[in-house]
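# sequence first, predicted model second:
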Amino acid sequence: MTLSIKASSKWSQAKRYGELLEVMVARNLKVRYRGSFLGVYWSLLNPLITTGLYTAIFGAAFAAYYGNSVVNYVLASFTGLVVVHFFSASTSQALKSIVDHGSLLNKISLPVSIFPVSMVAANVFQFAVGSFPLLVIATLVTSKSLLNVGALLLPLISLILVCTGIGFIVSALYVFFRDLPYFYELVTFVFWISCPVFYPADIVAAEIKPFLVLNPLSLPIESLRQISLSGMTPDLSLIGGALLTGMLILTIGWTCFGFWKPHFMDLL
């Protein structure tokens, strides 16, 4: 009987959390794109333009590393860019989410974690209606396999876990250090430049490559490219590594968030 009551209580809490998350995501998107012509599709325009710019500058030089095909370079760059842009947008927005809602938290009892999670979830929705359909089309054209299309979700899940974990960390740290956004701009730049997004990994010096593996975006990008562009069956080792990285970062982020959370209200 006691176990049943506990299970019922946990279910009701999870249901309330889900309802709050839905409301927060809808509110975030409405505020962000109020009066906007393209709405959520602005999130797709950025990587498309950047891909075009990289192709114009580096396409001819780096095509040799992509089967002497500029088209392959375009697809590889776009795949890397959508990951980097998703990471940068979701974690940067999560960073300020708790402080920005400090007045609300002082009036209403809400789970504090809902704010960084809702920012990541809003970007997941944008990705699902913007960049993801293009990845699906590229995967179908290249692999002609529905298995590969379904497998796209796995590295994307790992990316979401990474962003949520880091979102927990930076949103909590911002409560204590209000100049964090300036430093975090440098962090996101380091994550971007240390991933083979617009350049092939083969040009990186052998002594540097082991350090690039430490970038939490490397495995999701490699796995997405392998699934969508190689034409081969999904590489389970890449997928497993990406998911393991995501779960590890989420665990670290949630642990840090829980440790710092009792001190939030004194500073909001």
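Structure's in. What do you need?
# residue 142 in helix, strand or coil?
What DSSP: H, G, I helix; E, B strand; the rest coil gives for residue 142 is helix.
# pLDDT wise, what is it at?
Here the pLDDT value assigned to residue 142 is 88.
# how close does the closest residue to it other than its chain neighbours sit to residue 31?
Using CB to CB, 6 or more residues apart in numbering and skipping the chain neighbours, the partner closest in space to residue 142 is residue 231 (5.0 Å). Placement of C-beta: from N, CA and C, glycine included. According to CB to CB, to the nearest Å, residue 231 stands 42 Å off from residue 31.
# do the same with residue 88
Residue 88 is 19 Å from residue 31, by CB to CB.
# what of residue 268?
20 Å.
# give me the buried positions along the helix or strand harbouring residue 50.
When secondary structure is defined by DSSP states H and E, residue 50 falls within helix 42-62. Using 16 or more other CB atoms under 10 Å as the test for burial, helix 42-62 gives 43-44, 46-48, 50-51, 54-55, 58-59, 62.
# what's in contact with it?
Identification of contacts with helix 42-62 by CB atoms under 8 Å, 6 or more residues apart in numbering yields 33, 36, 38, 70, 73-74, 77-78, 81-82, 85, 89, 123, 126-127, 130-131, 134, 198-200.
# just the buried ones from the residues you listed?
Using 16+ other CB under 10 Å, the buried ones in those are 33, 73-74, 77-78, 81-82, 85, 89, 123, 126-127, 130-131, 134, 198-200.
# residue 88 and residue 31: who's more crowded?
residue 88 (21 against 9; other CB atoms under 10 Å).
# and the nearest residue to the more buried one once chain neighbours are set aside, how many neighbours?
In space, and not counting its chain neighbours, residue 88 is closest to residue 188: 4.7 Å by CB to CB, 6+ apart. Residue 188 sits with 16 neighbouring residues when counted by other CB under 10 Å.
# do the one 4 residues further on as well
In terms of burial, residue 192 registers 19 neighbours under the definition other CB under 10 Å.
# and the gap between the closest residue to residue 130 other than its chain neighbours and residue 135?
By the measure of CB to CB, 6+ apart, the closest residue to residue 130 outside its immediate chain neighbours is residue 44, 3.6 Å from it. Here the distance between residue 44 and residue 135 works out to 11 Å (CB to CB).
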